[in-house]
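Novice: no sequence on hand, only this structure:
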């Protein structure tokens, strides 16, 4: 059995339709191996249809530009060149005739060229938007090398695709997104408090959890300098709806506040809507969400408090017990553990005054203990305890009554952001990935990855290439 695939092209201008031969498929008896189309046959059909379709489009564009729009005179042809168009379904080499400008054309600044090419003008870029979109999607979800391999196997690209090409295209797309981002500002609060009362009733609060993850550095000079931090966050509507993520490399990005503001605006944030920010208390992340919304509330994440307290309480188990026959100043590790449990209880209820009072006493006790000849474990515990006291002291104004908020069903922890760090940063850039990154390369990839995870990249390409979006709607 032989099946011939043909393409009928109707110009709809009164001329008879033309029939183009695409390919022929031979089949024997029905088996699992012969049922349906093979991948190579599907590639051949798609490439053939695209070849004849684009050839007809090019011919139509040349015919439309052959005569002068002013006087109707036929443009003289100077020469014909070849341009290369890369698409998902093959690499096309198109004849692009250059036509001489008509003498009746006014000699203005926009028409000083002696020749013009209608094909080159219609195709200012040499890569189809859909190919750029799928390269970005594949690269956002897997490594550049794997993305190149999968694209070449799934689509009839008609040319080898290398990891470097994927990376360069992704960085160009991310740079275009970066250029669209507005200017950074210290404060984004522009609404007068008098006008907030007259605004419509807002939606339920948005809960924004922020955290950071670490990425292998390509500019490693020592083991300690082998990492740099990437900040990520997740914004979740309390009333339900899709959560959105964002990420950036803080040592490279100059518009982190603007980036977070635009994300919240894309979720419908209004100036009279309540926003709850949960951070780990680090200075770099703590100051990021300030002055974004007049109704914002900033809280220290309970997860990071309990994580530090758990480490301290576990460390008390390895502290040496005080000798019974020594009269010098000693501390019972069991009593230290009970004190830390009391501190945790005070912090849970938002009583930072009592918590800091106990912490100060405990730090002073271990400072006296370490003034002599302390054990190495005692010295290490004292260092961690002093750091925790400083941590609580600096963030005491952002510690609410966690117990009350928990009973009311309100957010108290950014534990979900740990999953966001793993999903946005670690899976693509750390775990099972041997590649090392520059801050610029990591930042640009994170912009594409978050747009893909938020399902926003399709809308970006539809905005950049509206004609291709209309074509897709017509096909649908």
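Specialist: Structure received. Please read these numbers as outputs of a predicted model, since none were measured by experiment. Numbering: from 1, shown residues only.
Novice: separation between residue 139 and residue 219?
Specialist: Distance, residue 139 to residue 219, by CB to CB, to the nearest Å: 22 Å. C-beta here means a position set from N, CA and C on the backbone, and glycine is covered the same way.
Novice: I misspoke; the intended subject was residue 234.
Specialist: 29 Å.
Novice: so these two - more neighbours on which side?
Specialist: residue 234 (24 against 11; other CB atoms under 10 Å).
Novice: quick one: secondary structure of that one?
Specialist: Of the three states, residue 234 takes strand under DSSP: H, G, I helix; E, B strand; the rest coil.
Novice: tell me the contacts of it?
Specialist: Residue 234 makes contact with 208, 209, 243, 244, 245, 416, 417, 420 under the criterion CB atoms under 8 Å, 6 or more residues apart in numbering.
Novice: please name the bridge partners of it.
Specialist: Residue 234 forms beta bridges with residue 209, residue 245, as assigned by DSSP bridges.
Novice: please report how far it lies from residue 8.
Specialist: Note on residue 234: its distance to residue 8, by CB to CB, is 51 Å.
Novice: who wins on neighbours among the contacts of residue 234?
Specialist: residue 208 (31 neighbours).
Novice: wait, that residue sits on residue 275?
Specialist: Yes: applying CB atoms under 8 Å, one finds residue 208 in contact with residue 275, separated by 6.4 Å.
Novice: shared neighbours, those two?
Specialist: In terms of CB under 8 Å, 6+ apart, residue 208 and residue 275 are both contacted by the residues 264, 289.
Novice: low-confidence stretches in the stretch 151-300 of the chain?
Specialist: Residue ranges of the stretch 151-300 of the chain with pLDDT under 70: 222-224.
Novice: count of neighbours near residue 154?
Specialist: 13.
Novice: likewise for residue 116?
Specialist: For residue 116, the count of nearby residues is 16 (other CB under 10 Å).
Novice: name the next helix or strand downstream of the lengthiest helix in the chain, please.
Specialist: As assigned by DSSP state H, the longest helix anywhere in the chain is helix 39-64. Under the assignment DSSP states H and E, the closest C-terminal helix or strand after helix 39-64 is strand 77-87.
Novice: measure how the very next helix or strand once past that following strand sits relative to helix 39-64, angle-wise.
Specialist: Where DSSP H and E defines the elements, the next helix or strand beyond strand 77-87 is strand 90-100. With axes from the mean of the first three to the mean of the last three CA atoms, to 10 degrees applied, the angle from strand 90-100 to helix 39-64 works out at 10 degrees.
Novice: strand 90-100 versus strand 77-87: what angle between them?
Specialist: Per the same axes, to 10 degrees, the angle that strand 90-100 makes with strand 77-87 is 160 degrees.
Novice: wait, residue 56 touches residue 8, no?
Specialist: No: in this structure, residue 56 is not within contact of residue 8 by CB under 8 Å, at 10.9 Å.
Novice: okay, the two: which has more neighbours?
Specialist: Between residue 56 and residue 8, counted using other CB under 10 Å, residue 56 has the larger neighbour count: 16 against 9.
Novice: what about the nearest residue to the more buried one once chain neighbours are set aside, how many neighbours?
Specialist: Nearest residue to residue 56 in three dimensions, chain neighbours excluded: residue 9, at 5.0 Å (CB to CB, 6 or more residues apart in numbering). For residue 9, the neighbour count with other CB under 10 Å is 16.
Novice: for the stretch 251-400 of the chain, just list every one of the helices.
Specialist: Secondary structure of the stretch 251-400 of the chain (DSSP state H, counting those that start in this stretch): helices at 256-266, 283-286, 302-316, 333-348, 352-369, 376-394.
Novice: of all these, which lies closest to residue 74?
Specialist: Closest to residue 74 of the helices of the stretch 251-400 of the chain, according to CB to CB: helix 256-266, at 51.1 Å.
Novice: that closest one - contacts with which helices or strands?
Specialist: Packing partners of helix 256-266 (3 or more CB pairs under 8 Å, 6 or more residues apart in numbering; DSSP states H and E): strand 206-216, strand 227-237, strand 244-249.
Novice: for residue 410, find the nearest of these.
Specialist: Closest to residue 410 of the helices and strands packed on helix 256-266 is strand 206-216 (CB to CB; 8.6 Å).
Novice: in the closest one, what's buried?
Specialist: Burial within strand 206-216, assessed by neighbour count using 16 or more other CB atoms under 10 Å, is assigned to 206, 207, 208, 209, 210, 211, 212, 213, 215, 216.
Novice: got it, and stretch 399-413?
Specialist: Using 16+ other CB under 10 Å as the test for burial, stretch 399-413 gives 399, 400, 402, 405, 410, 411, 412, 413.
Novice: check stretch 217-232 too.
Specialist: The neighbour-count check on stretch 217-232 (16+ other CB under 10 Å) flags 217, 228, 229, 230, 231, 232 as buried.
Novice: stretch 25-45 too?
Specialist: Using 16+ other CB under 10 Å as the test for burial, stretch 25-45 gives 43, 44, 45.
Novice: could you give the mean pLDDT of it?
Specialist: Across stretch 25-45, the average pLDDT comes to 86.
Novice: what's the closest non-adjacent residue to residue 190?
Specialist: Closest to residue 190 by CB to CB, 6+ apart is residue 271, at 7.8 Å.
Novice: likewise residue 91?
Specialist: In space, residue 91 is closest to residue 158, 3.9 Å off (CB to CB, 6+ apart).
Novice: still on that earlier bit, which strands and helices sit next to the longest helix of the chain?
Specialist: With contacts taken as 3+ CB pairs under 8 Å, 6+ apart, helix 39-64 sits against strand 2-9, strand 18-26, strand 90-100, helix 118-122.
Novice: how about the ones you listed in JSON lines, adding distance to residue 262?
Specialist: Formatted as JSON lines, the helices and strands packed on helix 39-64 follow (distance: least, CB to CB, whole Å):
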{"stretch": "strand 2-9", "distance to residue 262": "44"}
{"stretch": "strand 18-26", "distance to residue 262": "46"}
{"stretch": "strand 90-100", "distance to residue 262": "36"}
{"stretch": "helix 118-122", "distance to residue 262": "33"}
